[in-house]
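> Everything below, folded, please.
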Amino acid sequence: MQLNFPSYEFRIERKEDSLKIYDAFRRKWVVLTPEEWVRQHVLAFLVQTKNFAASLIAVERSLVYNTKRKRFDVLVFDKQSKPFMLIECKAPEVALTTETLIQVCTYNTVFKVPYLFISNGLSHLLFSLNEHDKYVSESEFPTLN
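Okay, the predicted model is just below:
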C-alpha cells in the first residue's frame, strides 16, 4: 500500500506462509502487518529523510504505566540520550482519533518527551508540549539538538 511518505527500499520476503519485513532496529524479521508497514516507513523517514541517528531510536519496547505493562512503538532520544519524541503508529485503516492521542499522551507520562507524533501512514499529527504543559499542534518536524 502506498503511504504518505517518500519512497523507501525495504527487505521483504515470504517466510512461513506470511510476508515478513526485516527490521534493522530490532535486527529480526517481523510479520508485515499494516501497522508494521507504517512503523517501517516512520523509521525510514526518521533516518533517511530527517537524518536522525538510528542509534538514538528505540522500537517496540515495554513500559510500565499504573502497574500495567504497555508497549510503545518508537521512542527517539536526543543527542544527550534524553527522551525526545514518542511515536505511535496505526494501520492505515485506523483513523487518528482523540483516543490515539490519549494513548500516546498516557505513555508520555512515563517519558515526558517534548514531542509526540502519531501516524497511520496516510495522516500524520505532530504535537509539542508547551510551557503550560499543554499539547499544541506543530507543522514543522523538529530537529535533534
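> Follow the chain on from the longest helix seen in the chain and name the next helix or strand.
Across the chain, the longest stretch assigned as helix under DSSP state H is helix 98-111. Of the helices and strands lying after helix 98-111 in sequence (DSSP states H and E), the nearest is strand 115-119.
> Show me how far that next one is from its chain's centre.
In terms of C-alpha atoms, centre = their mean, to the nearest Å, the centre of strand 115-119 is found 7 Å from the chain centre.
> what's the very next helix or strand once past it in contact with?
Using DSSP H and E, the helix or strand that directly follows strand 115-119 along the chain is strand 124-129. Contacts to strand 124-129, defined as C-beta atoms under 8 Å, 6 or more residues apart in numbering, come from residues 4, 96, 101, 108, 113-119, 135-139, 141-142. Any C-beta I mention is one placed from the backbone N, CA and C, and that applies to glycine too.
> so the residue nearest the centre of the chain is in which element?
Centroid-nearest residue in the chain: Ile87, 3.3 Å away (criterion: C-alpha atoms, centre = their mean). Using DSSP H and E, Ile87 maps to strand 83-89.
> what pairs with that strand, and is each one parallel or antiparallel?
Partners of strand 83-89 in the sheet, by DSSP bridges, are strand 68-77 (antiparallel), strand 115-119 (parallel).
> export that strand as CSV, just CAs?
What follows is strand 83-89 as a C-alpha-only set of coordinates in CSV (Å, rounded to 0.1, in the frame of the first residue of the first chain):
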residue,chain,number,x,y,z
PRO,A,83,13.7,11.0,25.5
PHE,A,84,12.8,13.5,22.7
MET,A,85,9.9,12.2,20.7
LEU,A,86,7.3,9.4,21.3
ILE,A,87,5.7,8.0,18.2
GLU,A,88,2.6,5.9,17.9
CYS,A,89,1.9,4.0,14.6
